[in-house]
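> All I have is the shape, not the residue letters:
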C-alpha cells in the first residue's frame, strides 16, 4: 500500500509540474499575442492599408511596375469573369497593353476589413470598392516578405443586389453554362 501511495504521489507531482509549465507557457504565448495585437497589429494594419491604397493608385495611374511590385512572385489574381484566373506573369501579360495605353481601372476602397494569423505573417482582407463597374468586392491574402507585405492572392468580384440575382443569372447563364460544361466533362 505504501508503494502505491508513493507511485500515485509521483504521478500527482508530475501532473502538477506539467500543468504549471503548460499554463505558464500558455500565459506567455497569450501575452505575446496581446503585445502583437496592440502594437504590431496596428502597425501592420497601417502598412496594409497603405499597400492596398497605393496598389489601387498605381493602377489608376497606369503605373505597371509599381502595380505589379505589390504582388508576390507566385501571386494569383482572380477576376470577375469565370475565366480570369491568372498567375502573376499571366496577369502581367494580359494587363500590359491596358497599362501601356493608359486604359486601366480606378478603384477606391469605401470599406475594408483586415485580419491576421496568430504569428502575424499572413493577413487577409475584404473590401468594398467604388469602381467603374459600381460596387465591387476585393478580397485577398497577403504574406509578410522580409519586412514588407506582398499580395499572394487577390480576388475581384462584382456585387449583385439580391433582388436582381434572377435577372443577372438569366443574362449570364448562356455563357456560364458553357463554362460549366467544359469544366465538368
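All right, it came through fine. No experiment lies behind these values; they were computed from the predicted model shown.
> Which SSE is immediately downstream of the lowest-mean-pLDDT helix or strand in the chain?
Every helix and strand of the chain was ranked by mean pLDDT, DSSP states H and E. The lowest is helix 2-35, at a mean of 42. On the C-terminal side of helix 2-35, the closest following helix or strand by DSSP states H and E is helix 41-60.
> any idea which element residue 141 lies in?
Here residue 141, judged by DSSP H and E, is contained in strand 134-145.
> who's residue 139 bridged to?
For residue 139, the beta-bridge partners are residue 126, residue 155 (DSSP bridges).
> For it, give me its contacts.
Going by C-beta atoms under 8 Å, 6 or more residues apart in numbering, residue 139 touches 124, 125, 126, 127, 154, 155, 157. For the C-beta atoms, the positions are set from N, CA and C on the backbone; glycine is no exception.
> Out of those residues, which end up buried?
The neighbour count (16 or more other C-beta atoms under 10 Å) marks 124, 125, 127, 154, 155 as buried among the contacts of residue 139.
> how would you label residue 160: helix, strand or coil?
Put simply, residue 160 is coil when judged by DSSP: H, G, I helix; E, B strand; the rest coil.
> give the contact list for the closest residue to residue 106 other than its chain neighbours.
Nearest non-adjacent residue to residue 106, counting by C-beta to C-beta, 6 or more residues apart in numbering: residue 60, 4.0 Å away. The contact partners of residue 60, by C-beta under 8 Å, 6+ apart, come to 104, 105, 106, 107.
> do residue 151 as well
Taking C-beta under 8 Å, 6+ apart, one finds 51, 55, 70, 71, 72, 75, 140, 141, 142 in contact with residue 151.
> now do 7 Å
70, 71, 72, 75, 140, 142 (C-beta atoms under 7 Å, 6 or more residues apart in numbering).
> ok, and the most crowded of the contacts of residue 60?
Using other C-beta atoms under 10 Å as the neighbour test, the contacts of residue 60 are led by residue 107, with 22 neighbours.
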